[in-house]
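> I'd like to go over a predicted model; first the sequence, then the structure.
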Amino acid sequence: MEVEGARNSIATLEDLVNEGTQVTICLRYSAEHWELLLPRVDSGGIVRFPEKDRYKSATTDTSTTSKYYSLSGRQMKIAVKGLMLTVTLGTTYPDGSVEVVSGAEGFLLKTLSSTLNFTFQAFLPKDQLWGNLLPDGSVTGIIGMVARREAHVAISALAMSESREKVTDFAWIFQNYPSLLISRSPKEKNKALSALSPFQLKVWLFLIVSVLSMGPFVYTISYLVNRYLTYDAQNDIQWYAFNMFRIIVNQGIFIRERSWPIRAILSFYLIFCIVFSVDFKRLEKYVIGILAFLTD
């Protein structure tokens, strides 16, 4: 746009442009001299092209972000629908507005208000609905308040849908967790002992003691049985200890006994080993993963 006649054109444009319209005016004085005029909405809701938001060609910093950190004390109309932990509402005032007391999005609205320098009034929808686009073209709820420009923004736990996006724009999605379980972060364990982590220390100690003691114990019982009940000749202690170890690692047993005391002891020991092997197989993949990590 040439400078001549631009002033009147800008004044006319300010009367025609609605909020939300993206307009940038470029005033050209010459090939090397020009100005950019960016729109701002004043505290009364009127679109203006203020002098302070003009950028000359000689200016090196053309960032517009800092220009919009303040809304100049403008009053915003907010459409709300109360929801526990999201937006908690309080007193209803004579003008129809309602007090925003607390809630995740209520605190967010108050923080934005103080940071961006604006005030707000919250209003409930007359139909008390979240809102949607109806087949006849009308829009209900807080979505309808925004679509009809009765409110600038709607806040609540709104779900995005295709029909709602036809009449409104949604902000960035964020997740609100009203309740969280927080625990202390785990410390890194000694890698040299990671292979023992499937069971507690007392379980490993009990297992080691049982394996080491079962061989001598069965040998002692076998010795007494063969001495007083005259069964077959007993095996030596190394043979019993070796077979007790074979049982715990699920490799079977080579002991052949006819005496009922030895068979009873071996039966209980076999049941113990079966229970242990079932639990160990359940953790087998975990143990293999630990060993693979240690050898990586």
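Perfect, I can see it now. Numbers count the residues shown, from 1 in each chain.

> what's near enough to touch Asn132?
Remark: with contacts taken as CB atoms under 8 Å, 6 or more residues apart in numbering, Asn132 is in contact with Val139, Thr140, Gly141, Ile143, Ser161, Ser163, Arg164. Bear in mind the C-beta positions are built from the backbone N, C-alpha and C, glycine included.

> By neighbours, which of those residues wins?
Using other CB atoms under 10 Å as the neighbour definition, the contacts of Asn132 reach their maximum at Ile143, which records 25 neighbours.

> ok, the closest residue to that one other than its chain neighbours to Val87 distance?
Computed as CB to CB, 6 or more residues apart in numbering, the closest residue to Ile143 that is not its neighbour in sequence is Gly131, at 2.9 Å. According to CB to CB, to the nearest Å, Gly131 stands 15 Å off from Val87.

> next one: Leu124
Taking CB to CB as the measure, Leu124 falls 11 Å from Val87.

> Identify the contacts common to the two.
Common neighbours of Leu124 and Val87 are listed as Val80, Lys81 (criterion: CB under 8 Å, 6+ apart).

> Correct me if wrong: Leu266 contacts Val218.
Yes - with the criterion set as CB atoms under 8 Å, Leu266 and Val218 qualify as a contacting pair; they are 7.3 Å apart.

> residues contacting Leu129?
Under the criterion of CB under 8 Å, 6+ apart, the neighbours of Leu129 are Lys81, Thr140, Gly141, Ile142.

> Arrange the residues you listed in JSON lines, one row each, with distance to Tyr240, pLDDT and secondary structure as further columns.
Converted to JSON lines, the contacts of Leu129 look like this (distance: CB to CB, whole Å; pLDDT from 0 to 100; DSSP: H, G, I helix; E, B strand; the rest coil):
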{"residue": "Lys81", "distance to Tyr240": "78", "pLDDT": "90", "secondary structure": "coil"}
{"residue": "Thr140", "distance to Tyr240": "84", "pLDDT": "93", "secondary structure": "coil"}
{"residue": "Gly141", "distance to Tyr240": "81", "pLDDT": "93", "secondary structure": "helix"}
{"residue": "Ile142", "distance to Tyr240": "81", "pLDDT": "93", "secondary structure": "helix"}
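
> which of the residues you listed sit farthest apart?
Spanning the widest gap among the contacts of Leu129 are Lys81 and Thr140, at 11.5 Å by CB to CB.
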